[in-house]
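**Student:** Coordinates for the following, if possible.
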Amino acid sequence: MSDELPVGRIAGVFGVRGELKCDPTNAGRMVFSAGEKLRADLVDGGSRMLLLQSVREHQGRLLVRFEHFDSVEEAEALKGASLYAPRDRISLQPNEFLDADLTGCKVYDRNALIGTVEGVEHYPASDMLVVRGRMIPLIEEFVKEIDVANKRIDAELPEGLLE
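**Tutor:** As a prediction, this is how the structure comes out:
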């Protein structure tokens, strides 16, 4: 497991002073505060460390400014960048999991191995585990126990869900 997690993506430039529109991940939203250091993977393949100078909410999005990016032209270089923070900066609530922790877990339906979590999709009704290209709703009715330390998920799935 990497010691960094994705916390957001730069969607574009906002205004003329180097502010950027940022779409944070749900878990990563908490790390966006002035003085925080984030790593950016740039669209040109480069990577650089950035220091957050300011953060504010605007129409459901975060507007951020980074040190040494004071104009539209300078900020343009960050457009499309993915932002990462150290894993230990992200705290989770009980029964809250990171996609990276769920991916790779073996899924058992009544103790029979049915597959491995390939990814996690997020929908308004519920998050979904992707197993064998199919979706398993991440709800208590179906998913009974998640043990990320042992990479195991125990479920009780309705007949035909994965067909």
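**Student:** did I read that right, R29 in a helix?
**Tutor:** Yes - assignment of R29 by DSSP: H, G, I helix; E, B strand; the rest coil places it within a helix.
**Student:** That one: neighbour count?
**Tutor:** By the criterion of other Cβ atoms under 10 Å, R29 has 14 neighbours. Quick note: C-beta positions are derived from backbone N, CA and C, even for glycine.
**Student:** tell me the contacts of it?
**Tutor:** 7-8, 62 (Cβ atoms under 8 Å, 6 or more residues apart in numbering).
**Student:** okay, these in CSV with secondary structure, neighbour count and distance to G104 next?
**Tutor:** Formatted as CSV, these follow (DSSP: H, G, I helix; E, B strand; the rest coil; neighbours: other Cβ atoms under 10 Å; distance: Cβ to Cβ, whole Å):
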residue, secondary structure, neighbour count, distance to G104
V7, strand, 25, 20
G8, strand, 22, 23
L62, strand, 19, 30
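**Student:** Name the nearest of the residues you listed relative to E145.
**Tutor:** Of all the contacts of R29, the one with the least separation from E145 (Cβ to Cβ) is V7, at 27.7 Å.
**Student:** wouldn't the closest one be in contact with R87 here?
**Tutor:** No - counting by Cβ atoms under 8 Å, V7 does not reach R87; the two are 10.2 Å apart.
**Student:** how's this structure carved up into domains?
**Tutor:** Domain ranges of the chain: 4-89, 99-155, per automatic domain parsing.
**Student:** Put together JSON lines for these, with distance to E163 and mean pLDDT on each row.
**Tutor:** Shown next, in JSON lines, are the domains of the chain (distance: least, Cβ to Cβ, whole Å; pLDDT from 0 to 100):
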{"stretch": "domain 4-89", "distance to E163": "31", "mean pLDDT": "92"}
{"stretch": "domain 99-155", "distance to E163": "8", "mean pLDDT": "94"}
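**Student:** you'd agree D88 is in a helix?
**Tutor:** Yes - counting by three-state DSSP, D88 is part of a helix.
**Student:** which residues touch E118?
**Tutor:** 103, 130-133.
**Student:** Would you mind measuring from the residue lying closest to G104 once chain neighbours are set aside to E36?
**Tutor:** Of all residues not flanking G104 in the chain, K151 sits nearest, at 5.9 Å (Cβ to Cβ, 6 or more residues apart in numbering). Separation of K151 from E36 (Cβ to Cβ, to the nearest Å): 30 Å.
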